[in-house]
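Q: Provided below are the primary sequence and the corresponding predicted coordinates.
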Amino acid sequence: MKQERIHFIAIGGAAMHNLAIALKKKGVNVTGSDDQIFEPSRSRLMAHGLLPAEEGWFEQKITPDIDCIVLGMHAREDNPELIRAKALGVTIFSYPEFLYEQTKTKKRIVVGGSHGKTTTTAMILHVLRLSEIRCDFMVGAQIKGFDTMVELSNDAPIAVFEGDEYLSSPIDRRPKFHLYHPDAAIITGIAWDHMNVFPTWENYIDQFRIFIEKINPQGALFYCESDQALKSLAKAFNLPAQITPYDAHPATIIDGVTYLKTSTGDIPLKIYGNHNLQNLMAAKMACNYIGVTDEQFYAHIATFEGAAKRLQLLAQNQKTTILLDFAHAPSKVRATVQAVKAQFGTKPLIAILELHTFSSLNKAFLNQYYNTLAAADEAYVYFDPQVVAAKKLEPFTVTEAEAAFGPEVKAIDHPVTIQNLLKEVNCAGKTLLIMTSGNFSGMDLQQLANAKIHA
């Protein structure tokens, strides 16, 4: 039998390189190209023999014997390999399209929402793994106990996908989660994001309406009822599908540890925050839908430590805690700051946020961040005017940023200044929360945290 051959255009992306590795492990002949490959993608591709010999696009790599192309979002419409593939009539998939094609005979659970979808997906996968229930999956962060962020198999009966609402590929402007056609779907909440693609709130919320319409009519939707916009959207649907609301799982905090309150007693968790208790309840409903019992779920969720960069503990001693979170959208920032303050309420909280995404650096969007850092005792926001210019956005000043974020927030607009602040800020006896989807213009944040704890 001929070995299937698949070529990746833009193989270096976070999801793309994980998918490439998963396919190679499945026995597929995988090749790929990219014009820039950064860590950790570079080392991981190299370890699996998938790192391209040289960076760049090479149309001669596209030959008629390729079974299909997987096209990454990083590529452009005028990519020479893409043009060549079209000329040869090679089948071209975006990676969400490809994932659906690989799993369309399986029961698919898709986790959507403006925030919390990575953590919720990670919780489900953690419980299924410990329950010895095999599944295919795609999740947007590294999870303890899993080698890759993507896995595909021939025989697993279930697929669990994180459902991102961003675009599928340069030639497919549909949101990724529209392509998965779930049997069961979760929506964790809706808060306007990606305004470069969805310029109005109405346009953004429409994407979730379409997502709900894609659910198998005999399937299920679980949604967070404390989100009023989502609650209104869900109630507007009269589908055969089971539509069930949820909210935060009952819990209490004792001596800095969050305990789930259950009918069989209190269960200590390694995670915390009201938003994570909502994520946990969503994960429980999805796991129950698959057949996991409450007893199994509670036993396994107690060992869940979170996904990478989601309230990740960088360093800690008896006096000081330093945390890293991926938060960048306003709803994520607010929830994260409030969660950390509630968990470590006896200690002063220093919150430092980097604006890094297109939406967060858009001057017209800044006022969405008003009071999102209010729970912190000391708050800073950093942006790089050169990044704003590179994204061809309207410039804004430190004063405008401070006004947008609200009282007591100090804005910084120079890489050296923010790096010096991170090095010099006194966090002894305090909690330091670092929030970014970047790295503050090149800082090793783990190294920084280690140095502070041992200073």
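A: Looks like it arrived, so ask away.

Q: Double-check that Pro64 belongs to a helix.
A: No. Applying DSSP: H, G, I helix; E, B strand; the rest coil, one finds Pro64 to be coil, outside a helix.

Q: residues in contact with it?
A: The neighbourhood of Pro64, defined by Cβ atoms under 8 Å, 6 or more residues apart in numbering, consists of Leu88, Val90. C-betas here are computed from N, CA, C, even on glycine.

Q: so how far is the first residue of stretch 284-298 from its last?
A: Terminal residues of stretch 284-298 are spaced 9 Å apart (Cα to Cα, to the nearest Å).

Q: quick one: buried residues of it?
A: Neighbour-count burial for stretch 284-298 flags Lys284, Met285, Ala286, Cys287, Tyr289, Ile290, Val292, Gln296, Phe297, Tyr298 (criterion: 16 or more other Cβ atoms under 10 Å).

Q: Double-check the third one against Thr244; I have them as touching.
A: No. If you go by Cβ atoms under 8 Å, Ala286 and Thr244 don't touch, sitting 10.7 Å apart.

Q: Give me the common contacts of those two.
A: Joint contacts of Ala286 and Thr244 (Cβ under 8 Å, 6+ apart) are Phe222.

Q: how far does the longest helix along the chain sit from the chain's center?
A: Counting by DSSP state H, the longest helix found in the chain is helix 274-290. Here helix 274-290 is found 16 Å from its chain centre; the criterion is Cα atoms, centre = their mean, to the nearest Å.

Q: ok so, going back, got the buried residues of stretch 284-298 as TSV, with pLDDT and distance to Glu213 columns?
A: Converted to TSV, those look like this (pLDDT from 0 to 100; distance: Cβ to Cβ, whole Å):
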residue	pLDDT	distance to Glu213
Lys284	98	25
Met285	98	20
Ala286	98	20
Cys287	98	25
Tyr289	96	20
Ile290	95	23
Val292	98	28
Gln296	97	32
Phe297	98	29
Tyr298	98	34
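
Q: Tell me which two in the residues you listed are the farthest apart.
A: Tyr289 and Tyr298 (16.3 Å; Cβ to Cβ).

Q: List the residues that contact the nearest residue to Tyr380 once chain neighbours are set aside.
A: Setting aside the residues directly before and after it, Tyr380 is nearest to Ile352 in space (Cβ to Cβ, 6 or more residues apart in numbering), at 4.7 Å. Listed by Cβ under 8 Å, 6+ apart, the contact partners of Ile352 are Ala379, Tyr380, Val381, Tyr382, Ile418, Leu421, Leu422, Val425, Leu432, Leu433, Ile434, Met435.

Q: wait, is Ile352 part of a helix?
A: No. Read with three-state DSSP, Ile352 is strand and lies in no helix.

Q: So what pairs up with it in the strands?
A: Tyr380, Ile434 (DSSP bridges).
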